[in-house]
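Asks: Pasting the sequence and the predicted coordinates here, then a few questions.
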Amino acid sequence: MGIQIDVVVGYPINDEMERVLGLAEVIGEPVSVTFMWEGREEAERAVLVPAATLAHWEHWAPSAYPTSVAEEEEEEQAVVEEPELGHPAEFGAFTLFRRRVGGRTAVARQGVVVAELLDPDEAHWLQEQARTVRQGFMDPKQKAAFEEFLARQASLPGR
């Protein structure tokens, strides 16, 4: 994914969540987040995707994230996790609305959705699907030039 920033946040201590949400909104790129929720032993990983970026991905992706994969993950989590409260969680200027189906969490500020928290696998799948389909619309010469350009790029350290 574009810019990779790993952020670890606990329940809203010192406005951590508000800062992370603001960061994703300003840079306009997905931000990997690790939640260390009070009372849970395991960390929860998610990708915070700005609303415009997600809309772009979903526009180009040929279909939605395969439900069989999402349902299997939900079933595994449902056994471990207790049911969540039905009301939204507020973090400073931001409000989180967790969807009961699909596992996504919409992030709103002043009544407008500015980002969504997605499962890392779903975010990666959507981004790859969108890129592949979008590149399919290039004419053959442009596509070949683009692939050549990507092949010449130096790999990032540690990847």
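Replies: The structure has been received and is ready for your questions.
Asks: got the CA coordinates for stretch 32-41 in PDB?
Replies: Extracted C-alpha coordinates of stretch 32-41, given in PDB (Å, rounded to 0.1, in the frame of the first residue of the first chain):
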ATOM      1  CA  SER A  32      -2.000   0.500   9.100                       C
ATOM      2  CA  VAL A  33      -3.300   0.600  12.700                       C
ATOM      3  CA  THR A  34      -2.800  -1.800  15.600                       C
ATOM      4  CA  PHE A  35      -5.400  -1.500  18.400                       C
ATOM      5  CA  MET A  36      -4.400  -2.500  21.900                       C
ATOM      6  CA  TRP A  37      -7.900  -2.600  23.500                       C
ATOM      7  CA  GLU A  38      -8.100  -2.600  27.200                       C
ATOM      8  CA  GLY A  39      -9.000  -6.000  28.600                       C
ATOM      9  CA  ARG A  40      -7.900  -7.900  25.400                       C
ATOM     10  CA  GLU A  41      -4.700  -9.900  25.200                       C
END
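Asks: Could I get the average pLDDT for it?
Replies: Average pLDDT, stretch 32-41: 76.
Asks: partner residues bridging the residue nearest the centre of the chain?
Replies: Note on the chain: the residue nearest the mean C-alpha position is residue 47, at 3.1 Å, using CA atoms, centre = their mean. Bridge pairing for residue 47 (DSSP bridges) gives the partners residue 32, residue 118.
Asks: Look up the closest residue to residue 126, ignoring the ones flanking it.
Replies: Nearest residue to residue 126, sequence neighbours excluded (CB to CB, 6 or more residues apart in numbering): residue 57, at 4.4 Å. From N, CA and C alone the C-beta is placed, and that goes for glycine too.
Asks: just residue 107 next, same as before
Replies: Residue nearest to residue 107 in three dimensions, not counting chain neighbours: residue 115, with 4.3 Å by CB to CB, 6+ apart.
Asks: Could you name the helices and strands sitting against the helix or strand hosting residue 53?
Replies: Assessed by DSSP states H and E, residue 53 sits inside helix 51-60. Helix 51-60 sits against strand 112-118, helix 120-136, with contacts defined as 3 or more CB pairs under 8 Å, 6 or more residues apart in numbering; DSSP states H and E.
Asks: Alright, I will stop here.
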